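In: Build me a model from this:
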Amino acid sequence: MKRTTLMVLTVIGTLTSCNALKNTVEASSDLSKLGGTWELNYISGPRIAFNGLYPGKKPTLVFDLADKKVSGNSSCNSFSGKLNADDTSINFNQPMAVTKMACPGEGETVFFETLKKVNKYSIKGDTILNFMMGDIAIMRFKKIK
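Out: From the prediction side, this is the model:
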């Protein structure tokens, strides 16, 4: 009898702690935290230093959750489109409206090409947004508004 009771308590404790961990993970990737303006401060891939890619102005993203839209600036051109996201996944494969100013350097091209690879995101402390390809962070943004 004691052995069965101990086994039941162990199973209940394990299930409870797994559920608590699941709730913590989900809370850190909440769609409601995505709203606002974010400024890029890291991008993977290019062999050019970040400040060399974006010497004058860093790219920004603005998420309007009420209208389900995303907009921003690539460091040169403005863009806008439909927001395709839930609590953990996001993608930028839908066509976007983009202005067509001539842009110096490779920064804009790298920004848009990297955005197309993103399929997940996570938000840390309400101020750091990581865009990921699978489990690898390929872009990082800081909340500015």
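
In: From what I see, Gly72 and Pro59 are in contact.
Out: Yes: checked against Cβ atoms under 8 Å, the pair Gly72 and Pro59 is within contact range at 6.6 Å. (C-beta placed from N, C-alpha, C; glycine too.)

In: Show me which of the two is the more surrounded one.
Out: Shown here are Gly72 and Pro59; by other Cβ atoms under 10 Å, Pro59 has more neighbours (27 against 23).

In: Excluding covalently adjacent residues, which one is nearest to that one?
Out: Leu40 (4.4 Å; Cβ to Cβ, 6 or more residues apart in numbering).

In: where does this structure have low pLDDT?
Out: 1-29 (pLDDT under 70).

In: Okay, strands next: where are they in it?
Out: Secondary structure of the chain, counting by DSSP state E: strands at 36-43, 60-64, 69-73, 78-82, 84-85, 90-91, 97-98, 120-124, 128-133, 136-143.

In: Walk me through which strands the fifth one pairs with, and which way each runs.
Out: Yep, that's strand 84-85 we're talking about. Partner strands for strand 84-85, per DSSP bridges, with pairing direction: strand 90-91 (antiparallel).
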